[in-house]
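> Pasting the sequence and the predicted model now:
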Amino acid sequence: MARPRELDLDVLLDHVRAIWVADGIGAVTIRAVSARAGVSNGAIYHHFESRNHLLARAFAREIAAYLTVQRQRVVAAARTGSAEDVVVAAALTPAAYAETTADSALVLLATRASELASGPVPDSVVEELMAHRAAVAALVTELTERLWGRADDAATRLVRYCIDDIPVRLLITSRRPSDPLAAYAVEHAVRGILQAGPPAA
């Protein structure tokens, strides 16, 4: 009897991402993924206990790669640029990331980890998502202190708006994360906010 074909989890997660980007998160079902990947439902359930587990694992993989690129951009900008340049580099990560991985960028921009960690997901995946969230919080604090020498609530929220909310809103609206005009708008919106600075503590 022939051995069942071994499931390549990275390839499977690529299929999850493709469905997610093309048709939205609601279209990602075990049945849809199995049909696209050419594997049985049972083969998927052997590795993922639920649809939510599959979604969370796919997202965790994407955000890990994204945060690596963001950290590289921050480090590079810090070598030669101002504190403001470093924040702009972090804010423009979605646009830079989308130049080579547009599908991943769209998944990241449209999703919040908290949406995925609330359902039946193994503790190990929840912990991974929370670790990514903590890494973002640490980056925000680092950038805030670099800019203004403070890390109170108003200052950190302002930086989070700059590297998270503003890029997400502008780049999702364009549906083209690598759109040069959207990137231009992000950069100038962020620079304007940073020059104004946070309200007095």
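Yep, that arrived. Quantities reported herein were computed from a predicted structural model and do not represent experimental measurements.
> Output the below-cut-off pLDDT ranges for the chain.
Low-confidence segments of the chain, defined by pLDDT under 70: 1-6, 114, 117-119, 174-175, 201.
> Now do the helices in it.
All helices of the chain, identified by DSSP state H, fall at 9-23, 30-37, 41-47, 51-80, 83-91, 93-110, 113-116, 123-148, 153-160, 166-174, 180-196.
> so of these, which one's packed in deepest?
With neighbours taken as mean count of other CB atoms under 10 Å, those reach their highest mean count in helix 83-91, at a mean of 21. Bear in mind the C-beta positions are built from the backbone N, C-alpha and C, glycine included.
> Now do it: distance to the chain's middle.
Counting by CA atoms, centre = their mean, to the nearest Å, helix 83-91 is centred 17 Å from the centre of its parent chain.
> could you say what helices and strands it packs with?
Applying 3 or more CB pairs under 8 Å, 6 or more residues apart in numbering; DSSP states H and E, one finds that helix 83-91 makes contact with helix 51-80, helix 123-148, helix 180-196.
> Not counting it itself, show me its contacts.
Residues outside helix 83-91 that contact it (CB atoms under 8 Å, 6 or more residues apart in numbering) are 70, 73-74, 76-78, 81, 139, 143, 146-147, 159, 162-163, 166-167, 186-187, 190-191, 194-195.
> Work out which residue lies at the spatial centre of the protein.
Residue closest to the average C-alpha location in the chain (CA atoms, centre = their mean): Leu108, at 3.6 Å.
> any idea how far that residue lies from Val39?
From Leu108 across to Val39, the span is 26 Å (CB to CB, to the nearest Å).
> cool, Ala196 as well?
53 Å.
> now do Leu12
7 Å.
> Same check on His46?
Note on His46: its distance to Val39, by CB to CB, is 10 Å.
> joint contacts of the two?
Residues touching both His46 and Val39 (CB under 8 Å, 6+ apart): Leu7.
> For the helices and strands packed on helix 83-91, give me TSV that also has distance to Ala22.
Output for the helices and strands packed on helix 83-91, formatted as TSV (distance: least, CB to CB, whole Å):
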stretch	distance to Ala22
helix 51-80	14
helix 123-148	23
helix 180-196	21
